[in-house]
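K.L.:
could you look at this predicted model? Sequence included:
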Amino acid sequence: MARAFLEDASFNQSPAFGDMDLFASDRPLVDAANLYGLDAVALSTCGRDFGSAQTFELGRIANENPPRLRTMDGRGNRIDSVEFHPAYHALMAKSIGYGIHSSAHDGSEPHAPMTQRAMRLYMATQTESGHLCPITMTHACLGALAAEPDLLSDWKAKILSRLYDPALKPSPLKAGVTIGMGMTERQGGTDVRANISYAVAKGDHVEITGHKWFMSAPMCDAFLVLAQGEGGLTCYLMPRFRPDGSLNGLRFQRLKEKLGNKSNASSEVEFHSAYARRVGGEGQGVRTIIEMVQLTRIDCAVASAGLMRIALAQAIHHIRNRSVFQRRLADQPAMRAVATDLALELEGHVALVFRLAHAADHLTDAKEAAWSRLMTPAIKYLVCKGAPQFVYEALECFGGNGYSEELPMARYYREAPLNAIWEGSGNVMALDVLRAASRQGDAATGVVDRLARTASEVCDVTGVVGELKQIFQSGDAERRARFLCEGLARLGAVAALVEAGSSYAGIYARTRLAGAPVAQFGARDLGLRTETDLMERALAV
Ligand SMILES: Cc1cc2nc3c(=O)[nH]c(=O)nc-3n(C[C@H](O)[C@H](O)[C@H](O)COP(=O)(O)OP(=O)(O)OC[C@H]3O[C@@H](n4cnc5c(N)ncnc54)[C@H](O)[C@@H]3O)c2cc1C
């Protein structure tokens, strides 16, 4: 009897998740691809690859086997090498193969290169987030390296290569390279002007002495770093090897013990007269590296939206297959209210992040450039800071299983706060919105007016917009910076949904922009009609 009992059916557990098309199963994503005229077949190929059970398994293994630092070999020679599990290398090879590190710059997708790439990033991050750190930085470094055309031409072909080459050897000997970024020091990450690392001129290059408190993906082939040069804070490119082929003066002290993001290595490093070349003008370090930071901020928002999507898809899969009191959870009104509210939130995020990528594709248009300048920090703020609460709620749909490390929800939850910290934390983003508004007042007002006109097609936004403008103009704006930032991003989400022709723009506006605030997902009254549709759209299989 006991044997029969153990072999009995399924114990009401949901079946394994996996072997799905991360593109076709995601209706908001498909709608965004159609809106921007993208190649659905190519995106679906990528979606099936990243959505295969085998690739999901690589993500699990890469996180359960984090990287290890080896500072020396057995004979005491410095090697400063980080060892990764083969699963991590397999994910790197896959993402590089899809050009997520390069396709926005290599001319392979003349139509909407930023948006197409952002969609692949959105899908890849659903499988594994950690390996995308060097992928994102490599994509973004080209923004900064553009300031130094000779240096760029030395590196560009290897950066654009679709071949992943993890070997620790000089870049001329490699099939492809990745690039990292080192700005944060012990005494300050936001305030990089406080950097104490310094550069000494040596003819055509400099030697840098100092440290970085966070420098992720230390196996990158070179790093864009900030250091004090003769003319003030300056940006430099620091390769792992000197031109003579010897190991450069980077000494990794240790790898961070992190809350999440386990597959990615984040190092503490010292620079001992490390060889580097200047990028951009002397004393123009912030201006130069901000070109990189703008691109990584977009990626933070896209990746957080991707993380939320996979958490919601897993939750919907579970509640469709789990019964409580002989009734599927997905059919129970209180659970439907939660899943639907999460799905509506995600509809807004998806519309926003691909609208952001679309703007990055059209920066030669002054209106799009103004939109991008004002909305990038606002969107990064809203989407990235929303991820922990969203993922937590999706996790809770699993009940106790959500807390188990053997299922991926716990990993998603630990990953969720990171993008909000990276590349400018919450307050920094809110203050950046204010900075954009004060430096380019007319352009910012124009953006708000255009957003308001579009959003007003589904909702009366007069009160909200009046309040936002009043704060912009007040002498006390810094204190209300978060309110302003969030309101602007929500207004932008309504406008993006309207532009996309979404039938959910009105309900999003009523419950997010003009509605009474509620603390938890599922507490808003969305009305019966939308419930089934929204869950189907979030996971259409
Ligand atoms: C896993 C991980 C990997 C990382 N990898 C890298 C990397 O590869 N390269 C790199 O350079 N950095 C990296 N970082 C560092 C990261 O970018 C910084 O931690 C971040 O920019 C914040 O800087 P900080 O830690 O010095 O905090 P601080 O600058 O001290 O900020 C602390 C808090 O104060 C707030 N704040 C700042 N200024 C103001 C203000 N004027 N008014 C009100 N509030 C304010 C911030 O929003 C934040 O909440 C990494 C961090 C993590 C967690």
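P.N.:
Yep, it's here. Residues are numbered from 1 along each chain as shown.
K.L.:
for D525, which residues are in contact?
P.N.:
T511 (Cβ atoms under 8 Å, 6 or more residues apart in numbering). To be clear about C-beta, it is placed using only N, CA and C from the backbone, and glycine gets the same treatment.
K.L.:
from the ligand, how far off is it?
P.N.:
The gap separating D525 from the ligand is 34 Å, by Cβ to the nearest ligand atom, to the nearest Å.
K.L.:
show the average pLDDT along stretch 88-102.
P.N.:
Averaging pLDDT along stretch 88-102 yields 98.
K.L.:
buried set for the longest helix anywhere in the chain?
P.N.:
Secondary structure of the chain per DSSP state H: the longest helix is helix 285-321. By neighbour count on 16 or more other Cβ atoms under 10 Å, the buried set for helix 285-321 is 285-286, 288-289, 291-321.
K.L.:
list the contacts of the following helix or strand past that helix.
P.N.:
For helix 285-321, the following helix or strand on the C-terminal side (DSSP states H and E) is strand 323-324. Strand 323-324 has contacts (Cβ under 8 Å, 6+ apart) with N12, L329, Q332.
K.L.:
now rank these by neighbours and give me the top one.
P.N.:
Counting neighbours by other Cβ atoms under 10 Å, L329 leads the contacts of strand 323-324 with 24 neighbours.
K.L.:
grab the nearest non-local neighbour of that residue.
P.N.:
I319 (3.8 Å; Cβ to Cβ, 6 or more residues apart in numbering).
K.L.:
what's the longest strand in this structure?
P.N.:
Criterion DSSP state E: the longest strand present in the chain is strand 266-279.
K.L.:
now do the longest helix of the chain, average pLDDT.
P.N.:
96.
K.L.:
renumber starting at 5 from here on
P.N.:
All set: I'll call the first residue 5, so the last point we hit is now helix 289-325.
K.L.:
hang on, the earlier thing: quick one: strands adjacent to the longest strand of the chain?
P.N.:
Next to strand 270-283 in the sheet, as set by DSSP bridges, lie strand 209-220 (antiparallel), strand 236-243 (antiparallel), strand 254-259 (antiparallel).
K.L.:
chain center to the last one: distance?
P.N.:
Computed by Cα atoms, centre = their mean, to the nearest Å, the separation of strand 254-259 from the middle of its chain amounts to 25 Å.
K.L.:
so is the longest helix of the chain next to the ligand?
P.N.:
No. Looking at helix 289-325 against the ligand by Cβ under 6 Å from any ligand atom, there are no contacts, and the closest approach is 9.2 Å.
K.L.:
how much space between whichever residue of the chain sits closest to the ligand and Q524?
P.N.:
In the chain, no residue comes nearer to the ligand than G193, which is 2.2 Å away by Cβ to the nearest ligand atom. Using Cβ to Cβ, to the nearest Å, G193 is found at 32 Å from Q524.
K.L.:
now swap in A28 and tell me
P.N.:
In terms of Cβ to Cβ, A28 sits 31 Å off from Q524.
K.L.:
the more surrounded of the two?
P.N.:
The neighbour comparison of A28 against Q524 (other Cβ under 10 Å) goes to A28, with 17 against 12.
K.L.:
near the ligand, which residues of the stretch 105-254 of the chain show up?
P.N.:
Proximity of the stretch 105-254 of the chain to the ligand is confined to G184, M185, G186, M187, T188, G192, G193, T194, F218, M219, S220 under the rule Cβ under 6 Å from any ligand atom.
K.L.:
again, only using 8 Å
P.N.:
137, 141, 184-188, 192-195, 216-221 (Cβ under 8 Å from any ligand atom).
K.L.:
quick one: contacts for K384?
P.N.:
When contacts are taken as Cβ under 8 Å, 6+ apart, K384 is in contact with R301, I302, C304, A305, N423, A424, E427, G428, M433.
K.L.:
the second one: what's it in contact with?
P.N.:
By Cβ under 8 Å, 6+ apart, the contact list for I302 reads M118, A122, V357, L360, A361, A364, T380, K384.
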